[in-house]
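>>> build the 3D model from these lines:
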Amino acid sequence: MSIELVTTKAALRARLAEAAASGVSSAGFVPTMGALHQGHATLARQAARENDLALVSIFVNPLQFGEAVDLERYPRTLDADLALLEEAGVQLVFAPEVEEMYPLGEPGVRVTAGPLGGKWEGASRPGHFDGALTVVSKLLHLAHAPVPVNRAYFGQKDAQQLALVQQMVADLDFDVRIVPVPIVRDADGLALSSRNRFLSPEQRESALVLSRALRLLETRAAAHEPLDLESAADLVRSAPGVELDYFEVVDPRTLEPLAENCKFTPFRGDALAIIAAKLGSVRLIDNTPLSA
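Residues are numbered from 1 along each chain as shown. Presented below is the predicted three-dimensional model:
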């Protein structure tokens, strides 16, 4: 079965109704902004594997961008995206224009991300998560098929977004299962991101320090050693051209810093190490779970 592209909300709803009438019992949804890579392909393959119908949205959401130049700079690669998704087993793609999603202009009513939305990535990108949750809420409603099981797939690389989506779904009683999917990395350890294409060869080499620092904490945690986050942060700062924004060990559910930073005491329990840094104009994020 070849992939099908729809660009209007009416066409999407009609296609989902047809799928339900034909006996589809489960639908898996992957929201994206396009410029897809193998990380997105992993999400799509899992959605296709676990459901009768796999649906992916491609929409560059202007509400998530603080500056117009960043919105214009975001890559649009629809033909390549469709080829990747078809190979991954996706049957249906929803790729609306901005006017289709926001026919009255920017929405006056939005989902607010709450206190967590102002921390970490939210501190550097004010309003970003309000915009992200607003469009995700719209997409979850639009992509909700009239079938018994609806799942939505989100990558764990965007840990803060995932936590906020999970909270929104629980707080607002969305009838959908949120499925976290592990980070996909290149062979050298760099987490896949649509932003990686903007790195120069020298910047990309320097960017590898993010995953090295995370692996250092992972190794220390597994060995029940002190995490000594400061020394790991110094490793990141030593890489040429890397401007560290934050590097913290947090509760995996709330993303609040742990009460004990384990600089001198052995690490126990479970946590999440999160990191963000800039290389020139390119901002990268990464994370890894810690367990002892």
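>>> do a quick rundown of the helices in the protein.
Applying DSSP state H to the chain gives helices spanning 9-21, 38-50, 68-73, 78-88, 98-101, 121-124, 128-142, 159-171, 201-222, 229-237.
>>> out of those helices, flag the one nearest residue 270.
helix 201-222 (9.0 Å; Cβ to Cβ). Placement of C-beta: from N, CA and C, glycine included.
>>> lowest average pLDDT across the helices of the chain?
When the helices of the chain are compared by mean pLDDT, helix 68-73 comes last with a mean of 78.
>>> dump the helices of the chain to TSV, plus mean neighbour count.
Output for those, formatted as TSV (neighbours: other Cβ atoms under 10 Å):
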stretch	mean neighbour count
helix 9-21	15
helix 38-50	20
helix 68-73	11
helix 78-88	17
helix 98-101	15
helix 121-124	18
helix 128-142	21
helix 159-171	19
helix 201-222	18
helix 229-237	16
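>>> now the ones you listed in a markdown table, with distance to residue 107?
Below are the helices of the chain laid out as a markdown table (distance: least, Cβ to Cβ, whole Å):
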| stretch | distance to residue 107 |
| --- | --- |
| helix 9-21 | 14 |
| helix 38-50 | 26 |
| helix 68-73 | 16 |
| helix 78-88 | 24 |
| helix 98-101 | 9 |
| helix 121-124 | 19 |
| helix 128-142 | 6 |
| helix 159-171 | 16 |
| helix 201-222 | 35 |
| helix 229-237 | 38 |
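>>> those helices: which one's closest to residue 281?
Here helix 68-73 is closest among these (Cβ to Cβ), at 9.1 Å.
>>> what residues are up against the residue lying closest to residue 17 once chain neighbours are set aside?
Beyond its immediate neighbours in the sequence, the residue positioned closest to residue 17 (Cβ to Cβ, 6 or more residues apart in numbering) is residue 146, lying 6.3 Å away. Residue 146 makes contact with 16, 17, 20, according to Cβ atoms under 8 Å, 6 or more residues apart in numbering.
>>> can you redo these as a markdown table with distance to residue 271?
Compiled in a markdown table, these are given as follows (distance: Cβ to Cβ, whole Å):
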| residue | distance to residue 271 |
| --- | --- |
| 16 | 39 |
| 17 | 44 |
| 20 | 42 |
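>>> just the residues you listed now: which is nearest residue 287?
When the contacts of residue 146 are compared against residue 287 (criterion: Cβ to Cβ), the nearest one is residue 16, at 33.2 Å.
>>> thinking that closest one is in contact with residue 27, fair?
Yes: Residue 16 is within contact range of residue 27, at 7.2 Å (criterion: Cβ atoms under 8 Å).
>>> ok, the most centrally placed residue in the chain to residue 181 distance?
With distances taken as Cα atoms, centre = their mean, residue 158 lies nearest the centre of the chain, 3.7 Å away. Using Cβ to Cβ, to the nearest Å, residue 158 is found at 11 Å from residue 181.
>>> could you do residue 111 as well?
On the measure of Cβ to Cβ, residue 111 and residue 181 end up 22 Å apart.
>>> try residue 133
19 Å.
>>> hey, what's in contact with both of residue 16 and residue 27?
53, 55, 143, 145.
>>> domain map for the chain?
For the chain, the TED database gives the domain ranges 4-181, 196-291.
>>> format those as a markdown table; extra columns: distance to residue 190.
A markdown table is the format used below for the domains of the chain (distance: least, Cβ to Cβ, whole Å):
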| stretch | distance to residue 190 |
| --- | --- |
| domain 4-181 | 11 |
| domain 196-291 | 6 |
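>>> closest to residue 189 out of those domains?
domain 196-291 (3.8 Å).
>>> now list the buried members of the shared contacts of residue 16 and residue 27.
53, 55, 143, 145 (16 or more other Cβ atoms under 10 Å).
>>> these two touch, right, residue 247 and residue 230?
No: the criterion here is Cβ under 8 Å, and residue 247 misses it with residue 230 at 9.2 Å.
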